[in-house]
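Student: What follows is a predicted structure for the sequence shown.
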Amino acid sequence: MANEEHVALIKEGRLDWNAWKVQHKEVIPDLSGADLREEALGGAHLNKADLKGANLQDADLNGTYLSGANLSGANLKGANLADARLGSAVLIEANLTDANLFDVDAPNANFTKANLRGADLIKAGLSEADFSAASLAEVSLSNAMAEGAKFTEADLSGANLQEANLKGADFSNANLKEADLSKSRCSETIGLTQGQLDNAFGDSDTELPSGLTIKFA
């Protein structure tokens, strides 16, 4: 259950919230289960906040500081998280369908079993992020920096991975049907098989592990 004082204060806007947070640095915000639909929270300092199960559908979180925050089970459908800071955040089973995560900074974030179908992750910083069993169907990960990311059993069908840096990423049992790997860097990936690549496509600039090939679009 959310702290009602915290909920009321965050709804006052970023300036009031951030001013309060400066005076209460030791307080971990409790916004668990809060209804924050369509709220304008861009630039708010919510590092380590408890946002489990919060409803943030269509909320503006542009540039919001969410490092270490717990967003497990949160509804972020259609939310604007462009330029947000999500380092080490927990988003297990969160709903991020059609969310805007353009240029988000999310190293070591946990997206296990999250639904990111149709999300925009262009230029996202996702090094060592965990997308195990996540739905990434039709997402755009072009130019993403996903070195060491974990895509084990993830659904990447129809995903755009053009020019993504996937060095050291784990694709064990991932679904790459109709995924576009054009110009992507996959030469040092883990778990990538010829069977997976037979269902994907790329171009002459796609970097693959030795012995593997990919069809051109």
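Tutor: Received, thanks. Keep in mind that what you see is a predicted model, and the values were worked out from it rather than measured. Numbers count the residues shown, from 1 in each chain.

Student: Look through this structure and tell me its longest helix.
Tutor: Of all the segments of type helix in the chain, defined by DSSP state H, the longest one is helix 14-23.

Student: now for that one, which elements pack on it?
Tutor: Here helix 14-23 touches helix 4-10, going by 3 or more CB pairs under 8 Å, 6 or more residues apart in numbering; DSSP states H and E. Glycine gets a C-beta too; all of them are placed from N, C-alpha and C.

Student: if we look at the longest helix of the chain, which residues are touching it?
Tutor: Helix 14-23 is contacted by residues 9-10, 27, 29, 40-45 when judged by CB atoms under 8 Å, 6 or more residues apart in numbering.

Student: again, only using 7 Å
Tutor: Taking contacts as CB atoms under 7 Å, 6 or more residues apart in numbering, the residues outside helix 14-23 that touch it are 9-10, 41-45.

Student: For the residues you listed, which two are the farthest from each other?
Tutor: Farthest-apart pair in the contacts of helix 14-23 is Leu9 and Gly42; separation 16.0 Å (CB to CB).

Student: Quick check: buried residues in the longest helix of the chain?
Tutor: Neighbour-count burial for helix 14-23 flags 14, 17, 20-21 (criterion: 16 or more other CB atoms under 10 Å).

Student: ditto for stretch 159-174
Tutor: Neighbour-count burial for stretch 159-174 flags 159-167, 169-172, 174 (criterion: 16+ other CB under 10 Å).

Student: and if you look at stretch 28-43?
Tutor: Under the neighbour-count criterion of 16+ other CB under 10 Å, stretch 28-43 has 29-34, 36, 39, 41-43 buried.

Student: End to end on it, go ahead and measure it.
Tutor: Separation of the first and last residues of stretch 28-43 by CA to CA, to the nearest Å is 17 Å.

Student: picking that back up, is it possible to export the buried residues of stretch 159-174 to CSV including pLDDT?
Tutor: Shown next, in CSV, are the buried residues of stretch 159-174 (pLDDT from 0 to 100):
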residue, pLDDT
Ala159, 98
Asn160, 98
Leu161, 98
Gln162, 98
Glu163, 98
Ala164, 98
Asn165, 98
Leu166, 98
Lys167, 97
Ala169, 98
Asp170, 98
Phe171, 98
Ser172, 98
Ala174, 98
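
Student: And the residues you listed, which is closest to Ile122?
Tutor: For the buried residues of stretch 159-174, the nearest to Ile122 is Asn160 (8.5 Å; CB to CB).

Student: Report the contact partners of the closest one.
Tutor: Applying CB under 7 Å, 6+ apart to Asn160 gives the contacts 140-142, 180.

Student: Between the residues you listed, which sits nearest Glu93?
Tutor: Leu141 (20.2 Å).

Student: about what we covered before: pick out whichever of the buried residues of stretch 28-43 sits closest to Gly211.
Tutor: Distance to Gly211 across these (CB to CB) is lowest for Gly42, with 47.0 Å.

Student: and the contacts of helix 14-23, which of them are in helices?
Tutor: Short answer: the contacts of helix 14-23 in helices (DSSP H) are 9-10.
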